[in-house]
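Student: Let's see this in three dimensions:
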Amino acid sequence: MRRLRKVTLWVLGVLVALPVLAVAAVLVGLNIGPGRVAAELLVGRLTGGGVVIEGLSGRFPDRLRLHRLEVRDAGVAVSVVMPGSVDTDLFPPGTDRTWMLEPKDVGDAVAFVVNSPAHMLVHRIEVRPLSPKRARE
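Tutor: Below you'll find the model as predicted:
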């Protein structure tokens, strides 16, 4: 009876430890250069080349960045529009918003991406106010 209890506890310990070790290995692996390269290659292999990721950087899991994401078979192009401060009602009343971008400015950037030629991928656009101290005209 004592031996059965000991074996049962040992098996349960292994069953709990294996997933914890696997998650730890992924977290460590994606935060070092060789692990990132392996992840990029693995995504391509697992999807048969249908999805390509390049340029993993940042801290995984909360600040992971991709330089390029491509979904080949589906004809999907991924573009990122990163606006700076935009004059919206999300700011508290009384906030000086005269220097911020207008929502139309972000819309123009999105329109540029959408209207770009089919053979061209606009991967990333960063739109920011020229100067926080200069009011827009």
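
Student: Show me the beta-bridge partners of V52.
Tutor: E70 (DSSP bridges).

Student: Surely it touches L66?
Tutor: No: using Cβ atoms under 8 Å, V52 is not in contact with L66; the gap is 10.1 Å. The way it works is simple: take the backbone N, C-alpha and C, and place the C-beta from them, glycine included.

Student: which one of the two has more residues nearby?
Tutor: L66 (17 against 14; other Cβ atoms under 10 Å).

Student: Give me the neighbour count for N31.
Tutor: 15.

Student: so what's it up against?
Tutor: N31 makes contacts with 59-60, as judged by Cβ atoms under 8 Å, 6 or more residues apart in numbering.

Student: where does it fall, phi/psi-wise?
Tutor: In this entry, N31 is assigned phi and psi values of phi -110, psi 10 (degrees, to the nearest 10).

Student: Offset the numbering so it begins at 804, please.
Tutor: Shifting the count to begin at 804 puts that one at N834.
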